[in-house]
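Got a sequence here, can you model it:
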Amino acid sequence: MQCYRVLAIPSNIPATIGKLYISHSKIRHLQFSDFSDMPGLQELVLFSSGIETIENNTFKALNNLKLLEVWNNKLTSVPRSLHPKLEVLKLGDNSIRSLHHKDFEGLTRLQVLEVQKNLLSTLSFEVFSSLTNLQTLVLEGNGMHTISGVARLPNLKYLNMENNKLMFFYDNFFIHFPSLQYLRLAGNQFVRVPPHLPKSLLSLRLERNHIKSVRVRDLKQLENLFDLNLSGNQLFSADGLQVITNLTSLDLSKNQLSTLPQRLPTQLQRLDYSNNQVSRITVQDMKGLGSLKHLFLDNNGMIVFEDKALQWCGHLSNLAMEQNLLTAIPLG
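Residues are numbered from 1 along each chain as shown. Take a look at the predicted model:
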């Protein structure tokens with residue numbers, strides 16, 4: 001059932017209802033009686049409905065509820081007394097200022113938690129300690145500047161903390177997420193790659209930070225990483241990349257790099273080096289990149305591109321070299 005522009009939760013909804021979607025409405029307050037006659041409800045979505053407060057135990061009668069989305073509303077706290085069968089909880093675009101341990105008590109089946117674009121300036125990860133089955137955690141766009149506390153989340157695969165004000169993590173922060181595969185940290189204030197990242201990582205996004213160099217010790221354990229994005233930093237050196245042997249996609253655009261790294265991973269298929277300060281590309285720079293398919297070197301002020309520099313790149317299908325200072329099309 002879908003409802004738009006209502007002033008209250010409709011009454012006399014059949015008890016057999018499985019999915020209820022309400023949006024663009026004006027419902028300021030939710031209470032127990034709103035849902036007490038919907039025992040079969042499995043999915044409840046309340047989008048952009050002006051909700052400010054939710055009475056404790058409002059969802060207590062919903063024994064089959066697996067998905068609850070209350071996003072783009074005016075909540076200042078997490079709804080309490082959620083049923084332990086809940087698997088997905090989305091609370092993005094509200095005004096939640098803090099998270100507490102009791103907010104998620106008993107939610108041992110929860111797999112997805114989204115609290116993006118709220119007002120969480122600080123956060124202790126201890127509040128998530130009971131979420132042992134959590135696989136996706138989204139905390140993007142909260143303005144967070146401090147992360148503390150420990151929560152062992154053995155099944156966490158996706159963690160998004162983009163567009164906050166984070167400058168660092170304590171040294172052992174990531175050892176508690178042994179299954180983490182996708183880490184999103186773009187748009188923060190990091191000056192270095194966070195230490196002790198998990199070996200399980202497949203994708204790491206660190207664009208739009210203040211990182212100046214990439215060292216071997218920052219990356220040596222990331223043997224499974226295939227996607228690395230460091231675009232929009234302040235990099236002047238990136239010579240530690242050769243240790244990521246399985247890397248296939250690398251974005252180093254919008255930095256201050258004047259040369260290509262001495263050695264790049266041989267499995268690399270996509271390399272974005274646009275908007276840097278590379279004036280010269282040599283045959284030696286491209287040696288060993290036989291798997292390369294996409295190469296972006298535009299906006300570099302490049303003067304020299306040696307003939308036959310791409311002779312080893314037999315799979316190259318996309319080459320961008322516009323807005324440079326070349327006076328002739330390179331041979332080969």
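
State the distance from the residue lying closest to Lys165 once chain neighbours are set aside to Met161.
Excluding its sequence neighbours, the residue lying closest to Lys165 (C-beta to C-beta, 6 or more residues apart in numbering) is His145, at 4.2 Å. Where C-beta positions appear, they are placed from N, C-alpha and C, glycine not excepted. Counting by C-beta to C-beta, to the nearest Å, the separation of His145 from Met161 is 11 Å.

ok, back up a step: for the residue nearest to Lys165, the count of nearby residues, please.
Other residues near His145 come to 14 when the count uses other C-beta atoms under 10 Å.

Repeat that for Pro330.
Pro330: 15 neighbours (other C-beta under 10 Å).

State the helix or strand in which it lies.
For Pro330, there is no host helix or strand (DSSP states H and E).

which residues touch it?
Phe305, Glu306, Asp307, Ala309, Leu310 (C-beta atoms under 8 Å, 6 or more residues apart in numbering).

In JSON lines: those, plus neighbour count.
Shown next, in JSON lines, are the contacts of Pro330 (neighbours: other C-beta atoms under 10 Å):
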{"residue": "Phe305", "neighbour count": "20"}
{"residue": "Glu306", "neighbour count": "16"}
{"residue": "Asp307", "neighbour count": "11"}
{"residue": "Ala309", "neighbour count": "20"}
{"residue": "Leu310", "neighbour count": "19"}
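
Sitting in strands, which of the residues you listed do you find?
Phe305 (DSSP state E).

what's the closest of the contacts of Pro330 to Gln277?
Phe305 (14.9 Å; C-beta to C-beta).

With adjacent residues omitted, what lies nearest to the closest one?
Pro330 (4.4 Å).

Quick check: phi and psi on the one you found?
Main-chain torsions, Pro330, degrees, to the nearest 10: phi -60, psi 140.

if I look at it, how far off is Asn246?
30 Å.

How about Arg205?
From Arg205 to Asn246 the distance is 17 Å (C-beta to C-beta).

Between those two, point out the one with more neighbours.
More crowded of Arg205 and Asn246, by other C-beta under 10 Å: Arg205, with 19 against 14.

helix/strand/coil for Leu319?
With DSSP: H, G, I helix; E, B strand; the rest coil as the basis, Leu319 sits in strand.

Who does it form a beta bridge with?
In this entry, Leu319 is beta-bridged to Leu295, by DSSP bridges.

contacting residues around it?
Each residue near Leu319 by C-beta under 8 Å, 6+ apart is listed here: Leu295, Leu297, Leu310.

any idea where the helices of the chain begin and end?
Ranges of helices in the chain, per DSSP state H, are 216-219.

lowest-pLDDT helix or strand in it?
helix 216-219 (a mean of 88; mean pLDDT, DSSP states H and E).

Send me that helix as CSV with only the CA atoms.
What follows is helix 216-219 as a C-alpha-only set of coordinates in CSV (Å, rounded to 0.1, in the frame of the first residue of the first chain):
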residue,chain,number,x,y,z
VAL,A,216,54.7,1.2,1.4
ARG,A,217,54.0,0.7,5.1
ASP,A,218,50.5,2.2,4.6
LEU,A,219,49.5,-0.3,1.9
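
quick one: that helix to chain centroid distance?
Here helix 216-219 is found 21 Å from its chain centre; the criterion is C-alpha atoms, centre = their mean, to the nearest Å.

what comes up buried for it?
In terms of neighbour count (16 or more other C-beta atoms under 10 Å), helix 216-219 has its buried residues at Asp218, Leu219.

Please consider this matter closed, and thank you.
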